[in-house]
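Asker: Here's a sequence, model it:
(one chain, ligands or ions: 1)
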Amino acid sequence: MKRFKMLIDGQIVESTAGKAAVILNPVNQEPLAEVSLGGREDAKLALEAAERAFPGWSRTDPKKRGEVLHRGADLVRNRSDEIARLLTMEQGKPLRRAKGEVLSSAEALDYYAEEGMRNFGELVPSASERSRSLVIRQPLGVAAVISPWNYPVDLLSWKLAPALAAGCTVVAKPSSRAPLAATEFVMAVAEAGLPSGVLNLVHGSGLEVGAELVESSISRKVSFTGETTTGKEIMERAAQHIKRLSLELGGHSPAIVCEDANIDEAAESCVQRAFSNMGQICISVNRIYVHEAVAEEFAERLVKKTGKLRIGDGLDPDVDLGPMFSEAQRQKTKDHIADALDKGATVLCGGHEPEGEKFCRGFFFLPTVLDRMDHSMRIMREETFGPVAPMMRFSSDEEALRLANDSRYGLAAYVFTEDMTTALRFAERLEAGSVGVNTSSVIVPQAPFGGWKESGLGRERSRAALEEYMETKHIRIGLREGF
Ligand code: NDP
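Answerer: Numbering: from 1, shown residues only. Okay, the predicted model is just below:
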């Protein structure tokens, strides 16, 4: 069985303890590969290598850094079929989605290769004729980047690309539960010509490798994507060194379907965003608020469209939805549905595993539409991370806004209406980092992405992400008397 290793100081290495873990396919739980399992010691070695590499990389011309990133993007694209296949087999998503994820990670490298060259400073209006004030932004040092299992390649690229473009050196820790495609992605970027130690990869658990990356005095920045509870723990530990933090955490996104919405398009958008990747997306549609006047028609279309989704092994090109990532995710989904049904919800479709031989060894679950929801139900308050679209009816825009904002999360929100005034009023008043108006697709490379409230701190994507890896410096220059 192939063993996926780590990258420390330019060398592909086993963990110091020589341990390894087996990664299983969620479709049938068959072993796919082994991965070296590092611990605190390996994380320390990687951090020290990144620290040694920092002076050289941070002073490298941004254009040269950009050239390496562009080459990395080309290598990732050249290997995208192979990386995507691994991604489907370790995570479950259909192959075409996996390929899209890998290509999107190459796009991130290309984007920051260019953006890194536009790290402009400022000449601040002077306080006196005898001085000038410059403001510059400089790479902040070693960045530790920690990513989850649901988009293991793309989410890693959102961190690596701006960090490297800014001139930081990096220690990356992907999820120990889906590390294979991420490893191939990192190796491709490293092969593009990065000096030793600039990009390091350590495998292992969050409790060991992750903890060392957060607690070490070497890492000046932690960029983390994962659960809100983990984010809180990281924040507490990072406080020890007043470490810079970017936290992309959980979400619980509302979708509001107004009386005047294009019902068919709204239903299509909600189906896409509620069920894609089996609902295991931080910006998934988690709560649908639909105006009572159009609720029946919307529900009918939602159920019809949901019924057309084909479930199976993600390697099958005809499949829309693969298995869930783990039994724990599936059980949580079932628990949330059972709680809602206990409290008066009704199932319009799904609600259980699909039947049949081909589903019995994987973590499959039918995409589920629930109706008659209220906010006493766990599913309307907690992140399910499963394929469920719960519907609740409203009678006024004020009520819809209040319900949508009644959450500790604030990552994304969606509104469907044909009226521009209604759209803008909602968009301005929804408490979320991204709002989709008549679309459930809110992530683009050029726009900032991140959460309000307990969904996180800082922004990824766009120019904003580059600044997350920089410190700002004011340089005041005294001038002599002159002409
Ligand atoms: P986790 O928080 O469990 O883990 C995320 C990463 O952090 C993993 O690499 C994990 O390691 C590591 N980790 C765990 N504990 C610690 C710790 N104490 N210190 C440092 N690192 C640690 O999240 P999941 O992997 O389960 O991902 C799902 C979550 O991610 C959902 O809540 C989802 O909403 C969120 N998410 C947010 C996004 C956003 O952009 N806001 C995007 C995508 C997902 P390991 O698991 O290997 O032990």
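Asker: For His406, which non-adjacent residue is closest in space?
Answerer: One thing to correct before we go on: residue 406 is Asp, not His. His375 (6.3 Å; C-beta to C-beta, 6 or more residues apart in numbering). Heads up, the C-betas are built off the backbone N, CA and C, glycines and all.
Asker: Rounded mean pLDDT for stretch 247-265, please.
Answerer: Averaging pLDDT along stretch 247-265 yields 98.
Asker: Give the buried residues for that stretch.
Answerer: In terms of neighbour count (16 or more other C-beta atoms under 10 Å), stretch 247-265 has its buried residues at 247-259, 261, 263.
Asker: now, which of the residues you listed lie within helices?
Answerer: Those of the buried residues of stretch 247-265 mapping onto helices are Ile263, per DSSP state H.
Asker: Filter the buried residues of stretch 247-265 down to just the ones in strands.
Answerer: 247-248, 253-257 (DSSP state E).
Asker: near the ligand, which of those residues show up?
Answerer: For the ligand, the contacts drawn from these by C-beta under 6 Å from any ligand atom are Glu248.
Asker: between the ones in strands among the buried residues of stretch 247-265, which is nearest Leu24?
Answerer: For these, the closest approach to Leu24 (C-beta to C-beta) belongs to Glu248, at 26.3 Å.
Asker: quick one: pLDDT of the closest residue in space to the closest one that isn't next to it in sequence?
Answerer: What sits nearest to Glu248 in space, not counting adjacent residues and going by C-beta to C-beta, 6+ apart, is Thr225, at 4.1 Å. pLDDT, the model's per-residue confidence, is 98 for Thr225.
Asker: For Thr225, which residues are in contact?
Answerer: With C-beta atoms under 8 Å, 6 or more residues apart in numbering as the criterion, the residues that contact Thr225 are 146-148, 155, 158-159, 247-249, 282.
Asker: can you pull the contacts of the nearest residue to Ile136 once chain neighbours are set aside?
Answerer: In space, and not counting its chain neighbours, Ile136 is closest to Gly121: 4.2 Å by C-beta to C-beta, 6+ apart. Gly121 makes contact with 134-137, according to C-beta under 8 Å, 6+ apart.
Asker: swap the cut-off to 10 Å and go again
Answerer: With contact taken as C-beta atoms under 10 Å, 6 or more residues apart in numbering, Gly121 is in contact with 134-138, 472-473, 475.
Asker: before we move on, the earlier item: and of the ones in strands among the buried residues of stretch 247-265, the nearest to Asn405?
Answerer: Closest approach between these and Asn405, by C-beta to C-beta: Pro254, at 8.1 Å.
Asker: Can you tell me the closest non-neighbouring residue to the closest one?
Answerer: With C-beta to C-beta, 6+ apart as the criterion, Pro254 has its nearest non-adjacent residue at 3.8 Å, and that residue is Ala404.
Asker: Does the one you found belong to a helix, a strand or coil?
Answerer: Put simply, Ala404 is helix when judged by DSSP: H, G, I helix; E, B strand; the rest coil.
Asker: need the residues of the stretch 51-200 of the chain near the ligand, please.
Answerer: Contact residues, the stretch 51-200 of the chain versus the ligand (C-beta under 6 Å from any ligand atom): 146-151, 155, 173, 175-177.
Asker: Buried residues, the one helix or strand Asp42 maps to. List them.
Answerer: Asp42 is part of helix 40-58 when elements are defined by DSSP states H and E. For helix 40-58, a neighbour-count test (16+ other C-beta under 10 Å) marks 40-51, 53-54, 57-58 as buried.
Asker: swap in stretch 198-207?
Answerer: Buried residues in stretch 198-207, counted by 16+ other C-beta under 10 Å: 198-206.
Asker: just stretch 406-418 next, same as before
Answerer: 407, 409-417.
Asker: do that stretch and the ligand meet?
Answerer: Yes. If you take C-beta under 6 Å from any ligand atom as the test, stretch 406-418 does meet the ligand, through Leu411.
Asker: CA atoms only for that stretch, dumped as PDB, please.
Answerer: C-alpha atoms of stretch 406-418 as PDB (Å, rounded to 0.1, in the frame of the first residue of the first chain):
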ATOM      1  CA  ASP A 406     -31.200  34.500  15.300                       C
ATOM      2  CA  SER A 407     -28.000  32.500  15.200                       C
ATOM      3  CA  ARG A 408     -24.500  32.500  16.800                       C
ATOM      4  CA  TYR A 409     -23.100  32.000  13.300                       C
ATOM      5  CA  GLY A 410     -22.700  34.500  10.500                       C
ATOM      6  CA  LEU A 411     -20.800  33.000   7.600                       C
ATOM      7  CA  ALA A 412     -23.200  33.300   4.600                       C
ATOM      8  CA  ALA A 413     -26.800  34.100   3.900                       C
ATOM      9  CA  TYR A 414     -29.000  34.000   0.800                       C
ATOM     10  CA  VAL A 415     -32.000  36.000  -0.300                       C
ATOM     11  CA  PHE A 416     -34.200  35.300  -3.300                       C
ATOM     12  CA  THR A 417     -36.400  38.100  -4.500                       C
ATOM     13  CA  GLU A 418     -37.100  39.900  -7.800                       C
END
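Asker: For the residue nearest to Asp110 when sequence neighbours are not counted, give its distance to the ligand.
Answerer: The shortest distance from Asp110 to any non-neighbouring residue, by C-beta to C-beta, 6+ apart, is to Ala73 (4.6 Å). For Ala73, the distance to the ligand equals 21 Å [C-beta to the nearest ligand atom, to the nearest Å].
Asker: Could you do Thr384 as well?
Answerer: Look at Thr384 and the ligand: by C-beta to the nearest ligand atom, they are 10 Å apart.
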